[in-house]
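1. Sequence first, predicted model second:
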Amino acid sequence: MLAGTVPNNSMGLALFAGWGTPSGLGWTSYDKWYDGKNTILIPSYGWILGERWRIDLEGNIGWYHFEAKRGDQTVDAFTLGLAVMGAYDFLKLDRWAAYVDMGVGLSYWSDTPSPDYFDRNRLPGMFQYGAGAKIQIDERHFLKLSYRLAHTSGIFSADQGINNHGVLIGITKSF
């Protein structure tokens, strides 16, 4: 990389760890009897669009564990997904920046504890948003730490969906 060259792209790898619950939208029966925990690996490739904006294409490969609040039923699900995320650095200081991000995508789930959540045989959609901080490690590397909420549900159906809340920690390299 030439001295003074402005980076145009970024690559990253993050780990999302969190908890999930049925979203409880009013037009479906709300099943309060399941809690979920998840761990998701998120590789990304991004385009830096000036001083404060970027667009990231994120993949996700995850595991979700649902556990009944009553009884002993558990369900483990494997998930795959792809999302387009937009991010804006709203506060920039010397070696760190605070940002917000939002995006949409598609996902695949191997199972859910209830068909009320969404029809896993159709491709569910994702809507996600979050806020966090990027800390500059060196000229091209950043550490990211953020809160993120992701909602997964059927795209064209009135289903309950699942909300995932969690912490995302990752590293990115700009080039």
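-> Ah, there it is.

2. Which other helices and strands does the helix or strand containing Leu106 contact?
-> Here Leu106 sits within strand 96-109, counting by DSSP states H and E. The contact analysis (3 or more Cβ pairs under 8 Å, 6 or more residues apart in numbering; DSSP states H and E) places strand 96-109 against strand 53-68, strand 74-92, strand 125-136, strand 141-153. The way it works is simple: take the backbone N, C-alpha and C, and place the C-beta from them, glycine included.

3. Now render these as CSV, adding mean neighbour count.
-> Converted to CSV, the helices and strands packed on strand 96-109 look like this (neighbours: other Cβ atoms under 10 Å):
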stretch, mean neighbour count
strand 53-68, 18
strand 74-92, 16
strand 125-136, 18
strand 141-153, 19
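
4. ok now the worst-scoring helix or strand of the chain on mean pLDDT, how far from the chain's centre?
-> Least confident helix or strand, the chain: strand 9-22 with a mean of 90, by mean pLDDT, DSSP states H and E. On the basis of Cα atoms, centre = their mean, to the nearest Å, strand 9-22 is displaced by 5 Å from the centre of the chain it belongs to.
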